[in-house]
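In: Generate coordinates for the sequence data below:
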Amino acid sequence: MAGGGGVSSPAGSAPPLWYHRDLSRAAAEELLARAARDGSFLVRDSESVSGAYALCVLYQKHVHTYRILPDEESFLAVQTSQGVQPKRFKTLPDLIQLYLQPGQGLVTTLLFPIEREESTEERDYSDGEDEKPPLPPRTASTSGPNCFTVPQDLSSDCVVAANGLTTISHEYLKGSYALDLEAVKQGSSSLPHLNKTLVSSCKRLHGEVDKVLAGLEILSKVFDQQSASMVSRMIQQSVVQGGDEELENLVTKLAILKDLLSSIEMKALKALQEMSATSPSISPQISTRHTKTIPVQAFEVKLDVYLADLTKIGKSQKYTLSVDVEAGKLVVMRKIRDSQEDWNTFTHDKIRQLIKSQRVPNKLGIMFEKEKDKSQRKDFIFTSAKKREAFCQLLQLMKNKHSKQDEPDMISVFIGTWNMGSVPSPKSMGSWVLSRGLGKTLDEMAVNIPHDIYVFGTQENSVCDKEWVETLRSALRENTEIDFKPVAVQTLWNIKIVVLVKPEHENRISHVGVSSVKTGIANTLGNKGAVGLSFMFNGTSFGFVNCHLTSGNEKIHRRNQNYLDILRLLSLGDKQLGSFDISLRFTHLFWFGDLNYRLDMDIQEILNYINRKEFDPLLKVDQLNLEREKNKIFLRFSEEEISYPPTYRYERGSRDTYVWQKQKATGMRTNVPSWCDRILWKSYPETHIVCNSYGCTDDIVTSDHSPVFATFEVGVTSQFVSKKGLPKSTEQAYIEFESIEAIVKTASRTKFFIEFYSTCLEEFKKCYENDSQNSDNVNFLRLGWSSKQLTTLKPILSDIEYLQDQHLLLTIKSVDGYESYGECVLALKSMIGSTAQQFHTYLSHRGEETGNIRGSMRVRVPSERMGTRERLYEWISVDKDESGVPKGRVAGESGKSGEEGERTTSTRKDDCSQSRYTYTHVHINPLARTMTLTKQDLTESDPTTCKNSYNNPAYYILEGVPNQSAALASEMLLSSALPSMANKLPASAAAGSAHSMNRPPPDFPPPPLPKCAPLPSPGATPPPGSTVSGAFCLETQSILSPPGNTQFRRPLAAASGLDDQSCSVLQMAKTLSEVEYPAGAVGGGSKGLRGRSELGTPARPLPAETLHISEQIRRQEEGGSYSHSSALFRQGTDCYTALVYCH
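Out: Numbering: from 1, shown residues only. A predicted model of the protein is given here:
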């Protein structure tokens, strides 16, 4: 029940069918759009106000939303305008009953209720297991740092059921209770049947007490002989006693145990004091060990000699690089001959920069400071890429260790996940904590460097919390000689997460939070679900989620729903960010666990590929990869490349055999080998994060899963304190917006506003309502805010060193329901400067992509506050002079995290250093390319392999090509080109041109774009022999068709003979958006498209608000070419023009 008034009918029956409890706003609009009848309605829970409802009504293809709010007396009323008296109702059905009558103030009468629809998969609340789920453990769950409390969310019935008392109690109350009652009536002074019940119930307690007493007996013999003899007698007596005596004996044993535990410490202290008085003084050993010193590491390398450097040809180029982390020195030694050596020593401050080669993975350039203001670069070739990475890690560690900075710029994070299979942990877990095994692993020279933070996520872990934490700390102490401190532990049944940090970081951790979500049977059992933990490390927020999702090869939909439920319900991070799901609440979010996604392939084929160590074909049928490609789950998350075999399902005790058949109560079940155990992450744009390892162990064999590990190099920010104090009014920094455009996926036509959140703001701010709004598609809405509607934001600090680490969270909310229609995050770093910079990124809500947003903004920093410094992670750069960008990736992607689809580039001159910096952020998901492509991307990429994100049509209609105008322009272009194409077209294509095509429904994705040759350069004319291509197609008349034109023809195929395919006008908009036009070309279309008389049909004039941001900025520029990201249009003309060339 969500609201105060309730949703059940007066008779107390089930909720009405028009009530969709936790249905999302987007899903509600889809249901109403499918109904397609005015007056269709449903009620769902409000996303903005807890306990409130939202009444959604369809009228003229638009969805209207009304908030239903409870008052102090729990009466319900539809929210009304100021001054209008609301009508109050006790229950929701009573309220709906009134609005089923006409003339009640809604946009239309409620006519057709939309009933809840549940597919077979949605009704299936099982967790994929045929067996009864295990009962929750009786171990402690931690809700804060270093504390172990009673397990949460466990009813008393569940706890009692664990020792069988429920069954015994029921048997007594049903049967034996009457016999005892009869005995009492007859004068009996005892209850034999109750006594028997109690003895049966305490059998396990007897055994537990005996174990504890046996352990204490050893201590008693050392410190208290009298107690020791008593304990021995009690243990012997308990063997032969029974019945009443057994129960009395248990009470006696508990009394002795109580006295023994309370007195043994004092007796032990007295005995030790007596021993110390009679024995010579012995200096006690310090229990805490010092940090393990890192030995000097030597790397064999070769100097990379260029052909132009003839002076070095013929000389020995073999070098040894010795890294002394403790002393802060790098020794570069070269063997000459006859055992002679030439060597140079560089201290850490003389090593200016490391430059990694993109083209040669084992090549590294080192910039040395030779003299004042003079430097020398040397390029070295390592024996392997892994050796190069180990060398870089050691030098970074050396730099960090000897840095003059009080706070670190970069830390290393270990993430581990393991389904333990409900068995105790092995004696040794060294390979797990040291990231040794299969896949992408660390070099042996770097494997012993301890990480700053260790995060362990386990599933089916039956070990109690305290014991498990001590096991992990012991394993780390054994391998690193550091006593790591626990930050927090969180447990949901057998799902656990533990975070441990180095002692020196303990005071840098703050704002610790924990949470859990059940997704087991009917979302009420905790055998499946997630535990989460979050904290601040100085100024950087971290979130960690460990989950165990539904098992079973066929349960894909259920697993997807598990993920969405966890994303929505896990309560972590800043409470002010309630409008944002947890994927946007943290600078860095790590999500891991037994995700249980399987491989969709025949078992024998899978085994054959594994035997040949060919993992690529398997990864292509991996359910997690496939669902991510469809943008159904883990939107814009990252995962390192998998290069290790599937981690499930092994034969216990071995890693040589997969056991893929399992006998269940319902029959034989097949569990194909799969990568069930995964580690993913998502970080804010323009932050530093690099995955250095991702693999699994091969020597921990107690479970049918192998433990998985990943290590990360993560940039962090300090709690900034300005050396110049708080800014004066003349030194205030400003965040100013010139304009914002957004496309949101909605059938609503209400007004919207934007809320801005950031840690650099004292409180959240919101702008005025949008001042422009239009739509070319009933399911999408384009919104615009001018500078007058957008508020200027004032950061609490004005220093550039502080602001370049800050981010701005935006959420677009409706005026009617105050519900979010999309959220995003922007980095301020690239926005700093005197001129406005453009941004363009995607919008998401509840894990679904709901549109995109772009705009123009600037962060003005006063010249007095421009001082900055180099971060440790900026000390290592990538050689941008080399052209060898890895295939399928974008230059600058590696090591720089960001939201896919966002490309931000700005060049500015630092007023202090007088040196020129270029900030470039490009992060493209290879599974879903967005339309933020440059000309080079278009001409160099293969159109046949480039996958577009068709799940979000907003990418195409954002560019605003109205259907009727685009169709008219296309038809005229094609008709003028037909004569030149006639001789080159296949007969089948010519015949097909006369056929009409049906317009795809609004909730497409459309079919793929036809294959096309690279687009021409800006301003180029059609080359000889080229033809005007149908890179877009025309469809039949629709609601948006111009009057008098009953049918559009399909364009003819290109001369290359490629298949002619139907596609929508939205695809044409995307195709046109990828064309670059020279300055002044906009509006210079074909002559035949200028006048109305030449078109023959009236065309719709271009709305004023379609003057895009990019066009406004272009008009302010002085000369130079400009890349237009929208479809070609001309202000003040009657139509749009479009022309695409294909060879």
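
In: for the longest helix seen in the chain, which positions count as buried?
Out: Counting residues, the longest helix found in the chain (DSSP state H) is helix 243-278. For helix 243-278, the neighbour count (16 or more other C-beta atoms under 10 Å) marks 246, 247, 249, 250, 253, 256, 257, 260, 264, 267 as buried. C-betas here are computed from N, CA, C, even on glycine.

In: repeat for stretch 356-373
Out: Neighbour count says stretch 356-373 has 356-358, 360-369 buried, by 16+ other C-beta under 10 Å.

In: Adding pLDDT and distance to residue 596, write the buried residues of helix 243-278 out as JSON lines.
Out: As requested, the buried residues of helix 243-278 are exported to JSON lines (pLDDT from 0 to 100; distance: C-beta to C-beta, whole Å):
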{"residue": "246", "pLDDT": "72", "distance to residue 596": "47"}
{"residue": "247", "pLDDT": "74", "distance to residue 596": "47"}
{"residue": "249", "pLDDT": "77", "distance to residue 596": "49"}
{"residue": "250", "pLDDT": "78", "distance to residue 596": "44"}
{"residue": "253", "pLDDT": "77", "distance to residue 596": "46"}
{"residue": "256", "pLDDT": "77", "distance to residue 596": "49"}
{"residue": "257", "pLDDT": "75", "distance to residue 596": "44"}
{"residue": "260", "pLDDT": "72", "distance to residue 596": "47"}
{"residue": "264", "pLDDT": "72", "distance to residue 596": "48"}
{"residue": "267", "pLDDT": "72", "distance to residue 596": "53"}
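
In: Out of those, the closest to residue 420 would be?
Out: Top of the list for closeness to residue 420, among those and by C-beta to C-beta, is residue 257 at 31.4 Å.

In: wait, what's in contact with that closest one?
Out: Residue 257 is in contact with 209, 212, 213, 216, counting by C-beta atoms under 8 Å, 6 or more residues apart in numbering.

In: helix or strand for residue 566, which one?
Out: helix 556-569 (DSSP states H and E).

In: Could you list the buried residues of that helix?
Out: Residues of helix 556-569 classed as buried by neighbour count (16+ other C-beta under 10 Å): 556-567, 569.

In: before we move on, what about stretch 205-214?
Out: For stretch 205-214, by 16+ other C-beta under 10 Å, it's 206, 209, 213.

In: In three-state terms, label the second one for me.
Out: In this case it means residue 209. helix (DSSP: H, G, I helix; E, B strand; the rest coil).

In: Not counting its neighbours along the chain, what's nearest it?
Out: The spatially closest residue to residue 209, leaving aside those adjacent along the chain, is residue 253, at 5.2 Å (C-beta to C-beta, 6 or more residues apart in numbering).

In: Any figure for the gap between that neighbour and residue 216?
Out: According to C-beta to C-beta, to the nearest Å, residue 253 and residue 216 sit 11 Å apart.

In: same check, this time on residue 617
Out: Counting by C-beta to C-beta - residue 617 and residue 216 are separated by 60 Å.

In: sorry, back to before: show the subsequent helix or strand relative to the longest helix of the chain.
Out: Using DSSP H and E, the helix or strand that follows helix 243-278 in sequence is strand 297-303.

In: Please identify the buried residues of that following strand?
Out: Counting neighbours by 16+ other C-beta under 10 Å, one finds that the buried residues in strand 297-303 are 297, 299, 301, 303.

In: and what of stretch 74-94?
Out: So stretch 74-94, judged by 16+ other C-beta under 10 Å, has buried residues 75, 76, 77, 78, 79, 87, 89, 91, 92, 93, 94.

In: Also stretch 633-650?
Out: Under the neighbour-count criterion of 16+ other C-beta under 10 Å, stretch 633-650 has 633-640, 642, 644-650 buried.

In: Which one of these is nearest to residue 442?
Out: Nearest to residue 442 among these: residue 640, at 13.0 Å, using C-beta to C-beta.

In: what's the pLDDT at that closest one?
Out: Model confidence at residue 640, given as pLDDT, is 97.

In: same thing with residue 654?
Out: You'll see residue 654 listed with a pLDDT of 92.

In: From what I see, it and residue 700 are in contact.
Out: No: counting by C-beta atoms under 8 Å, residue 700 is not a contact partner of residue 654; they are 11.5 Å apart.

In: out of the two, which sits in the more crowded spot?
Out: Ranked by neighbour count (other C-beta atoms under 10 Å), residue 654 and residue 700 place residue 700 first, with 21 against 10.

In: right, and the secondary structure at the more buried one would be what?
Out: Residue 700 - assigned by three-state DSSP - is coil.

In: Likewise for residue 835?
Out: Secondary structure of residue 835, reduced to three states by three-state DSSP: coil.

In: same deal with residue 795?
Out: Per three-state DSSP, residue 795 ends up coil.

In: Quick check, pLDDT for it.
Out: We have a pLDDT of 93 for residue 795.

In: From residue 263, how far off is it?
Out: Distance, residue 795 to residue 263, using C-beta to C-beta: 62 Å.

In: May I see the buried residues of helix 243-278 organised as a markdown table, with distance to residue 192 added?
Out: As requested, the buried residues of helix 243-278 are exported to a markdown table (distance: C-beta to C-beta, whole Å):
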| residue | distance to residue 192 |
| --- | --- |
| 246 | 13 |
| 247 | 12 |
| 249 | 17 |
| 250 | 17 |
| 253 | 22 |
| 256 | 27 |
| 257 | 27 |
| 260 | 32 |
| 264 | 38 |
| 267 | 41 |
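
In: between those, which is nearest residue 732?
Out: residue 264 (66.4 Å).

In: Surely that closest one touches residue 216?
Out: Yes: in terms of C-beta under 8 Å, residue 264 counts as a neighbour of residue 216; the distance is 6.9 Å.

In: Pick out the most distant pair among the buried residues of strand 297-303.
Out: Largest separation among the buried residues of strand 297-303 by C-beta to C-beta: 297 and 303, giving 19.2 Å.

In: isn't residue 539 right next to residue 760, touching?
Out: No: contact criterion C-beta under 8 Å: residue 539 and residue 760 do not qualify, at 10.2 Å.

In: more neighbours, these two?
Out: residue 760 (21 against 17).

In: can you tell me which residues contact the more buried one?
Out: Residues in contact with residue 760 (C-beta under 8 Å, 6+ apart) are 795, 796, 797, 802, 803, 806, 828.

In: ditto for residue 380
Out: 301, 302, 303, 304, 319, 321, 363, 364, 365, 366.

In: Give the closest residue to the first one in space, chain neighbours not counted.
Out: In this structure, residue 301 finds its nearest non-sequential neighbour in residue 380, 4.1 Å apart by C-beta to C-beta, 6+ apart.

In: residues of the helix or strand containing that neighbour that come out buried?
Out: Secondary structure assignment for residue 380, by DSSP H and E: strand 374-382. In terms of neighbour count (16+ other C-beta under 10 Å), strand 374-382 has its buried residues at 379, 380, 381, 382.

In: following it, which helix or strand comes up?
Out: With DSSP H and E, the next secondary element past strand 374-382 is helix 385-401.

In: can you state the direction angle for the helix or strand just after that next one and helix 385-401?
Out: Remark: after helix 385-401, the chain's next helix or strand is strand 410-419, criterion DSSP H and E. Going by axes from the mean of the first three to the mean of the last three C-alpha atoms, to 10 degrees, strand 410-419 is angled at 130 degrees with respect to helix 385-401.

In: helices or strands up against strand 410-419?
Out: Applying 3 or more C-beta pairs under 8 Å, 6 or more residues apart in numbering; DSSP states H and E, we find strand 410-419 packed against helix 430-433, strand 453-459, strand 540-548, strand 588-594, strand 677-683, strand 708-715.

In: wait, which of those is closest to residue 742?
Out: Nearest to residue 742, of all the helices and strands packed on strand 410-419, is strand 677-683, at 21.5 Å by C-beta to C-beta.
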